[in-house]
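In: Could you look at this predicted model? Sequence included:
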Amino acid sequence: MPLSLSRRLLLAGPVLLAEAPRGAAAAGPAARHIAVACWGGSYADVQRAVVDVRAGGLDIVVAQRITTEAERVARLLSPQAGGIDVALLSDVDAYRLSLRQLFAPVTTAGVAGLPTIAGGLRAPYGVPQGRTALTIAYNTTRVRVAPRGFRELFAVAKQGRVGFSSQLAIHNLAAGAIAEQHDGPASLQAARNIFSALRKAGRLRLFADNETLGAALAEGEIDMAPMWRSRAHVWQSQGRPVHDQVPVEGAIPFTILACVPVASRQQAAAMSYLDLLLHADVQRAMAERTGLLPTIVDARLDPALAARIGFTAAQQARFRPLSLDAVARNGLELRHYWDHELA
(Lines give C-alpha, C1' and ligand atoms only; values in the text may rest on other atoms or scores of the structure.)
Protein backbone atom coordinates (compact mmCIF):
# COMPACT_ATOMS: atom_id res chain seq x y z
CA MET A 1 0.00 0.00 0.00
CA PRO A 2 1.50 3.40 -0.94
CA LEU A 3 2.34 5.66 1.94
CA SER A 4 0.55 8.97 1.67
CA LEU A 5 0.51 12.37 3.33
CA SER A 6 -2.62 14.20 4.38
CA ARG A 7 -3.40 17.91 4.45
CA ARG A 8 -5.62 17.34 7.49
CA LEU A 9 -4.13 17.85 10.95
CA LEU A 10 -4.38 14.48 12.68
CA LEU A 11 -2.83 15.54 15.96
CA ALA A 12 -5.61 16.34 18.46
CA GLY A 13 -3.76 17.94 18.23
CA PRO A 14 23.67 5.28 22.59
CA VAL A 15 23.68 5.71 26.23
CA LEU A 16 21.88 8.17 28.42
CA LEU A 17 24.13 10.99 29.60
CA ALA A 18 23.07 12.34 32.99
CA GLU A 19 23.91 15.86 34.04
CA ALA A 20 23.98 16.80 37.68
CA PRO A 21 20.81 18.67 38.55
CA ARG A 22 21.26 22.42 38.89
CA GLY A 23 20.26 23.82 42.24
CA ALA A 24 20.27 20.45 43.98
CA ALA A 25 22.43 21.74 46.81
CA ALA A 26 19.84 24.32 47.73
CA ALA A 27 16.91 21.93 47.54
CA GLY A 28 15.07 21.34 50.79
CA PRO A 29 13.88 18.01 52.17
CA ALA A 30 10.54 18.41 50.34
CA ALA A 31 12.21 18.70 46.93
CA ARG A 32 11.00 16.33 44.26
CA HIS A 33 13.59 15.04 41.78
CA ILE A 34 12.65 14.32 38.18
CA ALA A 35 14.60 13.23 35.09
CA VAL A 36 13.76 15.08 31.87
CA ALA A 37 14.95 13.44 28.65
CA CYS A 38 15.55 15.95 25.85
CA TRP A 39 17.77 17.01 22.99
CA GLY A 40 21.19 18.45 23.82
CA GLY A 41 23.09 21.49 22.63
CA SER A 42 21.46 24.90 22.63
CA TYR A 43 18.00 23.37 23.16
CA ALA A 44 19.10 21.81 26.46
CA ASP A 45 20.76 25.07 27.51
CA VAL A 46 17.57 27.05 26.94
CA GLN A 47 15.45 24.38 28.58
CA ARG A 48 17.64 24.64 31.66
CA ALA A 49 17.65 28.43 31.79
CA VAL A 50 13.98 28.98 31.02
CA VAL A 51 12.12 25.99 32.47
CA ASP A 52 14.29 24.08 34.92
CA VAL A 53 15.23 27.17 36.93
CA ARG A 54 11.54 28.02 37.36
CA ALA A 55 10.85 24.42 38.37
CA GLY A 56 13.00 25.07 41.44
CA GLY A 57 10.32 27.46 42.66
CA LEU A 58 7.96 24.47 42.73
CA ASP A 59 10.49 22.45 44.76
CA ILE A 60 11.24 20.36 41.68
CA VAL A 61 14.88 19.52 40.98
CA VAL A 62 15.52 18.60 37.34
CA ALA A 63 18.22 16.29 36.04
CA GLN A 64 18.49 16.44 32.27
CA ARG A 65 19.02 13.23 30.33
CA ILE A 66 20.64 14.31 27.07
CA THR A 67 19.84 11.90 24.23
CA THR A 68 18.93 11.76 20.59
CA GLU A 69 15.26 11.21 19.96
CA ALA A 70 15.95 7.67 18.71
CA GLU A 71 17.65 6.92 22.02
CA ARG A 72 14.71 8.35 23.98
CA VAL A 73 12.28 6.22 22.03
CA ALA A 74 14.38 3.10 22.61
CA ARG A 75 14.61 3.86 26.32
CA LEU A 76 10.85 4.37 26.61
CA LEU A 77 10.26 1.03 24.91
CA SER A 78 12.69 -0.75 27.25
CA PRO A 79 12.10 -2.15 30.74
CA GLN A 80 14.28 0.73 32.05
CA ALA A 81 11.73 3.38 31.01
CA GLY A 82 11.26 4.19 34.70
CA GLY A 83 14.45 6.27 34.53
CA ILE A 84 12.55 9.01 32.65
CA ASP A 85 9.88 11.20 34.25
CA VAL A 86 9.33 13.62 31.35
CA ALA A 87 10.13 12.83 27.71
CA LEU A 88 10.31 15.62 25.14
CA LEU A 89 9.47 14.17 21.73
CA SER A 90 8.45 15.07 18.22
CA ASP A 91 4.73 14.90 17.53
CA VAL A 92 5.19 11.82 15.34
CA ASP A 93 7.11 9.80 17.94
CA ALA A 94 4.86 10.93 20.80
CA TYR A 95 1.81 9.76 18.86
CA ARG A 96 3.42 6.45 17.87
CA LEU A 97 4.40 5.64 21.45
CA SER A 98 1.00 6.72 22.77
CA LEU A 99 -0.56 3.91 20.75
CA ARG A 100 1.38 1.53 23.00
CA GLN A 101 -0.19 3.13 26.09
CA LEU A 102 3.23 4.24 27.34
CA PHE A 103 2.16 7.64 28.67
CA ALA A 104 0.08 8.69 31.64
CA PRO A 105 -3.12 10.54 30.66
CA VAL A 106 -2.83 14.30 30.99
CA THR A 107 -5.76 15.94 32.77
CA THR A 108 -6.48 19.26 34.46
CA ALA A 109 -6.03 17.53 37.82
CA GLY A 110 -2.27 17.51 37.19
CA VAL A 111 -1.93 20.13 34.44
CA ALA A 112 -4.20 23.07 35.20
CA GLY A 113 -3.12 24.93 32.06
CA LEU A 114 -4.62 22.43 29.60
CA PRO A 115 -7.56 24.69 28.68
CA THR A 116 -5.14 27.37 27.46
CA ILE A 117 -3.70 25.13 24.70
CA ALA A 118 -4.61 26.33 21.23
CA GLY A 119 -7.15 24.29 19.33
CA GLY A 120 -5.73 21.53 17.16
CA LEU A 121 -2.69 21.08 19.42
CA ARG A 122 -4.30 19.20 22.30
CA ALA A 123 -3.48 15.54 22.89
CA PRO A 124 -4.51 13.25 25.78
CA TYR A 125 -0.98 11.90 26.20
CA GLY A 126 1.13 15.08 26.50
CA VAL A 127 1.33 18.85 26.30
CA PRO A 128 2.74 20.81 23.33
CA GLN A 129 5.82 22.78 24.34
CA GLY A 130 6.38 24.65 21.09
CA ARG A 131 5.70 24.48 17.38
CA THR A 132 7.23 25.46 14.07
CA ALA A 133 7.24 24.13 10.52
CA LEU A 134 9.66 22.78 7.93
CA THR A 135 10.65 25.48 5.45
CA ILE A 136 13.68 25.98 3.19
CA ALA A 137 16.74 27.53 4.83
CA TYR A 138 19.29 29.03 2.45
CA ASN A 139 22.61 30.87 2.45
CA THR A 140 21.86 34.49 1.52
CA THR A 141 25.36 35.15 0.16
CA ARG A 142 25.19 32.24 -2.26
CA VAL A 143 21.50 32.24 -3.16
CA ARG A 144 20.33 35.57 -4.55
CA VAL A 145 16.75 34.52 -5.28
CA ALA A 146 14.98 32.52 -2.57
CA PRO A 147 13.89 29.04 -3.70
CA ARG A 148 10.16 28.97 -4.33
CA GLY A 149 9.45 25.49 -3.03
CA PHE A 150 10.43 21.90 -2.40
CA ARG A 151 10.40 21.04 -6.11
CA GLU A 152 13.02 23.70 -6.79
CA LEU A 153 15.04 22.54 -3.78
CA PHE A 154 15.24 18.98 -5.08
CA ALA A 155 16.28 20.26 -8.51
CA VAL A 156 19.22 22.00 -6.80
CA ALA A 157 19.90 18.81 -4.82
CA LYS A 158 20.84 17.11 -8.10
CA GLN A 159 23.81 19.49 -8.19
CA GLY A 160 24.96 18.38 -4.73
CA ARG A 161 24.22 21.80 -3.20
CA VAL A 162 21.43 20.79 -0.78
CA GLY A 163 22.03 19.36 2.68
CA PHE A 164 19.76 17.04 4.64
CA SER A 165 19.89 16.57 8.41
CA SER A 166 19.41 12.99 9.55
CA GLN A 167 17.56 14.37 12.57
CA LEU A 168 14.78 15.28 10.13
CA ALA A 169 14.72 12.00 8.19
CA ILE A 170 10.94 11.52 8.10
CA HIS A 171 10.29 15.19 7.33
CA ASN A 172 12.95 15.20 4.59
CA LEU A 173 11.18 12.27 2.99
CA ALA A 174 7.88 14.12 3.34
CA ALA A 175 9.37 17.14 1.56
CA GLY A 176 10.51 14.85 -1.24
CA ALA A 177 7.06 13.33 -1.49
CA ILE A 178 5.47 16.78 -1.77
CA ALA A 179 8.01 17.79 -4.42
CA GLU A 180 7.03 14.78 -6.53
CA GLN A 181 3.29 15.13 -5.98
CA HIS A 182 1.19 15.68 -9.06
CA ASP A 183 -2.54 14.90 -9.19
CA GLY A 184 -2.73 12.20 -6.51
CA PRO A 185 -1.68 12.09 -2.86
CA ALA A 186 1.95 12.71 -1.95
CA SER A 187 3.74 9.36 -1.85
CA LEU A 188 6.60 8.59 0.50
CA GLN A 189 7.62 5.80 -1.87
CA ALA A 190 8.23 8.43 -4.54
CA ALA A 191 10.40 10.27 -2.02
CA ARG A 192 12.50 7.15 -1.49
CA ASN A 193 13.10 7.03 -5.22
CA ILE A 194 14.34 10.64 -5.18
CA PHE A 195 16.81 10.08 -2.36
CA SER A 196 18.02 6.76 -3.75
CA ALA A 197 18.70 8.47 -7.09
CA LEU A 198 20.63 11.27 -5.35
CA ARG A 199 22.73 8.73 -3.49
CA LYS A 200 23.44 6.71 -6.66
CA ALA A 201 24.53 9.90 -8.45
CA GLY A 202 26.82 10.87 -5.56
CA ARG A 203 24.83 14.06 -4.95
CA LEU A 204 23.27 13.24 -1.56
CA ARG A 205 24.66 15.49 1.18
CA LEU A 206 23.76 14.07 4.60
CA PHE A 207 24.60 15.65 7.95
CA ALA A 208 24.33 13.92 11.31
CA ASP A 209 22.33 16.67 13.00
CA ASN A 210 20.88 20.14 12.60
CA GLU A 211 23.86 21.93 14.16
CA THR A 212 26.38 20.30 11.80
CA LEU A 213 24.18 21.15 8.84
CA GLY A 214 23.77 24.73 10.06
CA ALA A 215 27.54 25.22 10.17
CA ALA A 216 27.90 23.85 6.64
CA LEU A 217 25.11 26.12 5.42
CA ALA A 218 26.65 29.22 6.99
CA GLU A 219 30.08 28.41 5.55
CA GLY A 220 28.73 27.92 2.02
CA GLU A 221 29.46 24.21 1.88
CA ILE A 222 25.82 23.82 0.85
CA ASP A 223 23.36 26.36 -0.51
CA MET A 224 20.08 25.30 1.10
CA ALA A 225 18.33 22.68 3.19
CA PRO A 226 14.91 21.68 4.51
CA MET A 227 14.90 23.01 8.08
CA TRP A 228 12.64 24.20 10.88
CA ARG A 229 11.82 27.90 10.63
CA SER A 230 12.67 28.14 14.35
CA ARG A 231 16.21 26.89 13.76
CA ALA A 232 16.74 29.19 10.76
CA HIS A 233 15.68 32.10 12.97
CA VAL A 234 18.23 31.18 15.64
CA TRP A 235 21.02 30.96 13.05
CA GLN A 236 20.04 34.31 11.59
CA SER A 237 20.00 35.83 15.09
CA GLN A 238 23.55 34.56 15.57
CA GLY A 239 24.66 36.63 12.59
CA ARG A 240 24.90 33.77 10.12
CA PRO A 241 23.99 34.51 6.47
CA VAL A 242 20.87 32.37 6.66
CA HIS A 243 17.24 33.08 5.90
CA ASP A 244 14.30 30.80 5.14
CA GLN A 245 11.48 30.61 2.67
CA VAL A 246 8.03 29.06 3.10
CA PRO A 247 7.67 26.59 0.20
CA VAL A 248 4.91 27.36 -2.25
CA GLU A 249 3.63 23.80 -1.85
CA GLY A 250 3.12 24.40 1.87
CA ALA A 251 5.29 24.07 4.99
CA ILE A 252 5.21 20.89 7.10
CA PRO A 253 4.13 21.70 10.69
CA PHE A 254 5.99 20.24 13.66
CA THR A 255 5.24 20.23 17.39
CA ILE A 256 7.35 19.21 20.39
CA LEU A 257 5.35 17.36 23.03
CA ALA A 258 6.20 16.65 26.67
CA CYS A 259 4.92 13.31 27.93
CA VAL A 260 5.02 11.49 31.26
CA PRO A 261 5.77 7.76 31.02
CA VAL A 262 3.45 5.48 32.98
CA ALA A 263 6.61 3.97 34.48
CA SER A 264 7.58 7.28 36.13
CA ARG A 265 7.66 7.17 39.92
CA GLN A 266 7.31 10.95 40.11
CA GLN A 267 4.18 11.48 38.06
CA ALA A 268 2.76 14.28 40.20
CA ALA A 269 5.98 16.31 39.96
CA ALA A 270 6.29 15.48 36.28
CA MET A 271 2.76 16.76 35.63
CA SER A 272 3.65 19.97 37.47
CA TYR A 273 6.61 20.32 35.12
CA LEU A 274 4.28 19.89 32.13
CA ASP A 275 2.02 22.58 33.53
CA LEU A 276 5.02 24.90 33.87
CA LEU A 277 5.71 24.49 30.15
CA LEU A 278 2.33 26.09 29.49
CA HIS A 279 2.92 29.22 31.57
CA ALA A 280 2.77 32.33 29.38
CA ASP A 281 6.13 33.68 30.56
CA VAL A 282 7.81 30.34 29.82
CA GLN A 283 6.24 30.17 26.38
CA ARG A 284 7.36 33.70 25.55
CA ALA A 285 10.91 33.08 26.77
CA MET A 286 11.16 29.86 24.74
CA ALA A 287 9.91 31.70 21.64
CA GLU A 288 12.47 34.46 22.10
CA ARG A 289 15.39 32.07 22.55
CA THR A 290 14.48 29.11 20.33
CA GLY A 291 12.13 30.52 17.70
CA LEU A 292 9.44 28.02 18.69
CA LEU A 293 5.93 29.45 18.50
CA PRO A 294 3.77 29.35 21.64
CA THR A 295 1.15 26.63 21.88
CA ILE A 296 -1.22 28.48 24.21
CA VAL A 297 -3.76 31.15 23.35
CA ASP A 298 -2.64 33.81 25.83
CA ALA A 299 1.10 34.12 25.15
CA ARG A 300 1.63 37.46 23.43
CA LEU A 301 4.85 37.91 21.44
CA ASP A 302 6.57 41.05 20.26
CA PRO A 303 5.01 41.75 16.83
CA ALA A 304 8.36 41.71 15.03
CA LEU A 305 9.28 38.34 16.54
CA ALA A 306 5.83 36.93 15.82
CA ALA A 307 6.15 37.96 12.18
CA ARG A 308 9.64 36.43 11.90
CA ILE A 309 8.95 33.01 13.41
CA GLY A 310 5.24 32.75 12.64
CA PHE A 311 3.14 32.11 9.56
CA THR A 312 0.42 34.12 7.89
CA ALA A 313 -3.13 32.84 7.76
CA ALA A 314 -2.64 31.99 4.09
CA GLN A 315 0.56 30.05 4.84
CA GLN A 316 -1.15 28.14 7.64
CA ALA A 317 -4.01 27.25 5.30
CA ARG A 318 -1.45 25.59 3.03
CA PHE A 319 0.29 23.60 5.78
CA ARG A 320 1.07 19.99 4.83
CA PRO A 321 0.87 18.03 8.11
CA LEU A 322 2.09 14.46 8.22
CA SER A 323 -0.44 11.70 8.64
CA LEU A 324 0.50 10.56 12.15
CA ASP A 325 -1.20 7.22 11.59
CA ALA A 326 0.81 6.58 8.41
CA VAL A 327 4.06 7.48 10.16
CA ALA A 328 3.13 5.28 13.14
CA ARG A 329 2.65 2.33 10.76
CA ASN A 330 5.68 2.93 8.58
CA GLY A 331 8.05 5.19 10.49
CA LEU A 332 10.44 2.44 11.60
CA GLU A 333 10.76 1.16 8.04
CA LEU A 334 11.41 4.67 6.73
CA ARG A 335 13.95 5.36 9.46
CA HIS A 336 15.73 2.09 8.67
CA TYR A 337 15.83 3.08 5.01
CA TRP A 338 17.38 6.45 5.88
CA ASP A 339 19.95 5.08 8.33
CA HIS A 340 20.99 1.94 6.47
CA GLU A 341 20.32 2.47 2.77
CA LEU A 342 21.22 6.14 2.44
CA ALA A 343 23.78 6.86 5.15
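Out: Arrived safely, thanks for sending.

In: Going along the chain, name the strands of the stretch 51-200 of the chain.
Out: 60-66, 86-90, 127-139, 163-165 (DSSP state E, counting those that start in this stretch).

In: I'd like to know which of those is closest to residue 283.
Out: strand 127-139 (7.6 Å; CB to CB). For every residue, glycine as well, the C-beta is placed using N, CA and C.

In: Tell me how far the closest one lies from the chain's centre.
Out: Computed by CA atoms, centre = their mean, to the nearest Å, the chain-centroid distance of strand 127-139 equals 7 Å.

In: Which neighbouring elements make contact with that strand?
Out: Counting contacts by 3 or more CB pairs under 8 Å, 6 or more residues apart in numbering; DSSP states H and E, strand 127-139 packs against helix 169-180, helix 210-218, strand 224-228, helix 229-237, strand 242-245, strand 252-259, helix 267-277, helix 280-290.

In: try 7 Å
Out: On a contact count with 3 or more CB pairs under 7 Å, 6 or more residues apart in numbering; DSSP states H and E, strand 127-139 meets helix 210-218, strand 224-228, helix 229-237, strand 242-245, strand 252-259, helix 267-277.

In: From these, pick the one with the highest average neighbour count.
Out: Each of the helices and strands packed on strand 127-139 was scored by mean neighbour count; the highest is strand 224-228, a mean of 27, by mean count of other CB atoms under 10 Å.

In: And the contacts of it?
Out: 132, 134-138, 143, 147, 153, 156, 162-165, 168, 171-172, 175, 210, 213, 217, 244, 254 (CB atoms under 7 Å, 6 or more residues apart in numbering).

In: element containing residue 248?
Out: Assigned by DSSP states H and E, residue 248 falls within no helix or strand.

In: Could you find the closest non-adjacent residue to it?
Out: residue 149 (3.9 Å; CB to CB, 6 or more residues apart in numbering).

In: One more: residue 40?
Out: For residue 40, the closest residue by CB to CB, 6+ apart turns out to be residue 66, at 4.1 Å.

In: picking that back up, right, and the helices and strands packed on strand 127-139 - which one's nearest residue 339?
Out: Closest to residue 339 of these is helix 210-218 (CB to CB; 16.0 Å).

In: for that closest one, packing partners?
Out: Packed against helix 210-218 by the contact rule (3+ CB pairs under 7 Å, 6+ apart) you find strand 127-139, strand 163-165, strand 224-228, helix 229-237.

In: Next, count neighbours for residue 197.
Out: Counted with other CB atoms under 10 Å, residues neighbouring residue 197 total 14.

In: wait, I meant residue 155
Out: For residue 155, the neighbour count with other CB under 10 Å is 12.

In: List the residues that contact residue 118.
Out: So residue 118 contacts 295, 296, 297 (CB under 7 Å, 6+ apart).

In: Angles on the backbone of residue 148, please.
Out: phi -80, psi -30 (degrees, to the nearest 10).

In: Can you tell me the closest non-neighbouring residue to it?
Out: residue 248 (5.0 Å).

In: What of residue 192?
Out: residue 337 (6.3 Å).

In: per-residue pLDDT, that neighbour?
Out: Listed pLDDT for residue 337 reads 96.

In: Please tell me how far it sits from residue 326.
Out: Relative to residue 326, residue 337 is positioned 15 Å away (criterion: CB to CB, to the nearest Å).

In: Ok, residue 176 next?
Out: Here the criterion is CB to CB. By it, residue 176 lies 15 Å from residue 326.

In: more neighbours, the two?
Out: Ranked by neighbour count (other CB under 10 Å), residue 176 and residue 326 place residue 176 first, with 27 against 19.

In: rewinding a little: which among the strands of the stretch 51-200 of the chain is found nearest to residue 264?
Out: strand 86-90 (7.8 Å).

In: For the residue nearest to residue 248, give me its contacts.
Out: Contact partners of residue 149, counting by CB under 7 Å, 6+ apart, are 247, 248, 249.

In: Which one of the residues you listed is nearest to residue 289?
Out: Of all the contacts of residue 149, residue 289 sits closest to residue 247, with 25.8 Å by CB to CB.

In: Please report phi then psi for that closest one.
Out: The phi/psi pair for residue 247 (degrees, to the nearest 10) is phi -60, psi 140.

In: any idea how far the closest residue to residue 157 other than its chain neighbours is from residue 162?
Out: Leaving aside its sequence neighbours, residue 157 sits nearest to residue 198 (CB to CB, 6+ apart; 5.9 Å). Residue 198 sits at a distance of 9 Å from residue 162 (criterion: CB to CB).
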